[in-house]
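Visitor: okay, sequence plus prediction incoming.
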Amino acid sequence: MKVTVIGCSGSFAGPDSPASSYLVTVNADGRAWNVLFDLGSGALGPLHRHVAPSDLDAVFLTHLHPDHCADVCGLYVSRNYAPDGAPSDRLPVWGPAETATRVSLMYHGLEDGDMEKVFVFEQLEDQVPVTVGPVTITPYAVHHPVEAFGFRVEADGAVLAYTGDTDSCDNLVPLMTGADLVLADSAFVDGRDEVRGVHLTASRAAEAAREAGGVQRLVLTHMPAWNDPDVCRAQAESVWPGVEVARAGDIHDLGKA
């Protein structure tokens, strides 16, 4: 399993990265399977460096805030109006309830049903797995002001856990347990952000990974441009020595050596 960080900026695209988007690629059955997790503001452009939009097999949206789904509108344009013609198969897009309606509303002037000509919208359910070729994706409902999910992604013996946007919650344990790599929301900073129920701080992300057990690597992500990554890293280090910070363009190879 190869995990590519397309974008990791929190809340909005930053100077060094687009907003949230992560590409998982697994080679099986004589082909590459490409599953995209979130497509936030600014992420579609850099995605082209790693895969053609027409070669995606599915898109999974953690929730419907624009820093996680805004560029689905651009993906619609790139697939529907490509000069060599739109792909013959509609692309599955998995998300919370009302994903089709909300995404269509972002595209001003779009006629009813036009998005469904390009995408098949499917609704996520807590802890109900979805299979895309050799990849199994299990959504876990997490703690955010809107309906939101984290994803446990498994293929060929490798496990990725992506929290999406969340504060501490019980579902982080089964989401993270035994993961080779955890991509953890760390938008909030201890001592600065006191409101609860929105995002993890780096220290709370580290505590969740420690509680889950068996996590091999913890990578902090979803940091807004106003966060100092060194401060976030330091706040996690006392709980999880060796914590890492995501950067756009990072590639993580998981599973078999």
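Guide: Ah, there it is.
Visitor: and Asn27, how many residues sit next to it?
Guide: Residues lying near Asn27 (other C-beta atoms under 10 Å) number 13. C-betas here are computed from N, CA, C, even on glycine.
Visitor: what segments of the chain are helices?
Guide: Ranges of helices in the chain, per DSSP state H, are 44-47, 66-69, 72-80, 99-106, 172-176, 202-212, 229-237.
Visitor: what comes up buried for the fourth one?
Guide: Neighbour-count burial for helix 99-106 flags Thr99, Ala100, Arg102, Val103, Ser104, Met106 (criterion: 16 or more other C-beta atoms under 10 Å).
Visitor: could you dump that helix to PDB, C-alpha only?
Guide: Only the C-alpha atoms of helix 99-106 are listed here, as PDB (Å, rounded to 0.1, in the frame of the first residue of the first chain):
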ATOM      1  CA  THR A  99     -23.300  14.400   0.000                       C
ATOM      2  CA  ALA A 100     -24.900  14.500  -3.500                       C
ATOM      3  CA  THR A 101     -27.000  17.500  -2.500                       C
ATOM      4  CA  ARG A 102     -24.300  19.500  -0.700                       C
ATOM      5  CA  VAL A 103     -21.700  19.000  -3.500                       C
ATOM      6  CA  SER A 104     -24.200  20.000  -6.200                       C
ATOM      7  CA  LEU A 105     -25.000  23.200  -4.200                       C
ATOM      8  CA  MET A 106     -21.400  24.200  -4.300                       C
END
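Visitor: residue contacts, the most centrally placed residue in the chain?
Guide: Closest residue to the average C-alpha location of the chain: Phe37 at 3.8 Å, with C-alpha atoms, centre = their mean. With contact set as C-beta atoms under 8 Å, 6 or more residues apart in numbering, Phe37 has these partners: Ser21, Tyr22, Leu23, Val24, Val59, Phe60, Thr62, Phe151, Val153, Tyr162.
Visitor: shouldn't Asp165 be in contact with Ala184?
Guide: No: if you go by C-beta atoms under 8 Å, Asp165 and Ala184 don't touch, sitting 10.6 Å apart.
Visitor: higher neighbour count, these two?
Guide: Between Asp165 and Ala184, counted using other C-beta under 10 Å, the more crowded position is Ala184 (31 against 27).
Visitor: residues near the nearest residue to the more buried one once chain neighbours are set aside, how many?
Guide: Using C-beta to C-beta, 6 or more residues apart in numbering and skipping residues adjacent in sequence, the residue nearest Ala184 is Ala205, 3.8 Å away. Here the number of neighbours of Ala205 (other C-beta under 10 Å) works out to 34.
Visitor: could you do Pro134 as well?
Guide: Counted with other C-beta under 10 Å, residues neighbouring Pro134 total 14.
Visitor: same check, this time on Ala28
Guide: For Ala28, using other C-beta under 10 Å, the count is 12.
Visitor: just Ser78 next, same as before
Guide: The tally of other residues near Ser78 (other C-beta under 10 Å) stands at 18.
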